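Enquirer: got a structure for you, letters missing:
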């Protein structure tokens, strides 16, 4: 529940890398409706740190799709590409806490290491990083840096848990959930090419925009374990969470951006009204 002393603030945060589809529409509606229900604020944010995949025309295309489905937001949309300094500051703090370590591995290095393991660590989506660079000495790290190698920075789940202790987060559909620091393993928190990741950017920006309620698909529930740990380490507020169901296709598969036939724009061009689009996305939620 939202207390009387705070204003509910939600956000819809798509990546401008393709057309929005019905799954995006459902996510935007869920966030907007929660804010409206509590007399709060609904914001639009563009998660555009992956600059290799972002295309400029998708920013305006997203805004047009939302306008055409009668979804309005407050304030100009925040672009994460304007916030790299804030992410660098957060990473600096994580380094000072020694809860991240440099990783020079390539994908092939990791695959080779996993193949050599008789029992590779696994998470919700498959094998986890085997901790290869966690074993590097200071001298080995310096040698890599001197050779001009740029590292990624990985989360040290063991050290993070020691610092934060036991943590929980609350999901409106599932109640209180105990944080599993090791669920996603030593995940990359700052990529070699862009110096940050979705995980740092989202928790830093949610705090910056005073987001009280994070609404997103249940496919991101596992990521919340890491996000809650980062919030504690960075000493930023913990929002409430609402991991909602997903819009699926006729085969029960979650809609992806490659589903052009289910894009909002293609359906509008076929003559569907805003109300028909909303009914369509809500009728395909699983």
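Expert: Nice, I can see it. Values in this document were obtained by computation on a predicted structure and should not be read as measured data. Numbering: from 1, shown residues only.

Enquirer: Give me the longest helix you can find in this protein.
Expert: helix 22-37 (DSSP state H).

Enquirer: Show me what that helix is in contact with.
Expert: With contacts defined as Cβ atoms under 8 Å, 6 or more residues apart in numbering, helix 22-37 is touched by 8-12, 14, 40-42, 65-66, 69, 71, 73, 213, 215-217, 242, 244, 246-247, 254-255, 262, 264, 267, 277-278, 280-282, 284-285. (Glycine included, C-beta is placed from N, CA and C.)

Enquirer: Now for the spatially most central residue of the chain: which residues touch it?
Expert: In the chain, the centroid-proximal residue (Cα atoms, centre = their mean) is residue 198; its distance is 4.9 Å. By Cβ under 8 Å, 6+ apart, the contact set of residue 198 is 47, 49.

Enquirer: change the start of the numbering to 391 and stick with it
Expert: Understood, numbering begins at 391; the last thing we discussed is residue 588.

Enquirer: Quick check: next helix or strand after the longest helix of the chain?
Expert: Downstream of helix 412-427, the first helix or strand assigned by DSSP states H and E is strand 431-436.

Enquirer: That next one - contacts with which helices or strands?
Expert: Here strand 431-436 touches strand 399-402, helix 412-427, helix 447-458, strand 464-469, going by 3 or more Cβ pairs under 8 Å, 6 or more residues apart in numbering; DSSP states H and E.

Enquirer: how about the strands in the protein?
Expert: 399-402, 431-436, 464-469, 490-493, 512-513, 516-517, 542-545, 558-561, 565-568, 578-580, 603-607, 630-634 (DSSP state E).

Enquirer: what are the pairing partners of the fifth one, and which direction each?
Expert: Looking back up the chat, that one is strand 512-513. strand 516-517 (antiparallel) (DSSP bridges).
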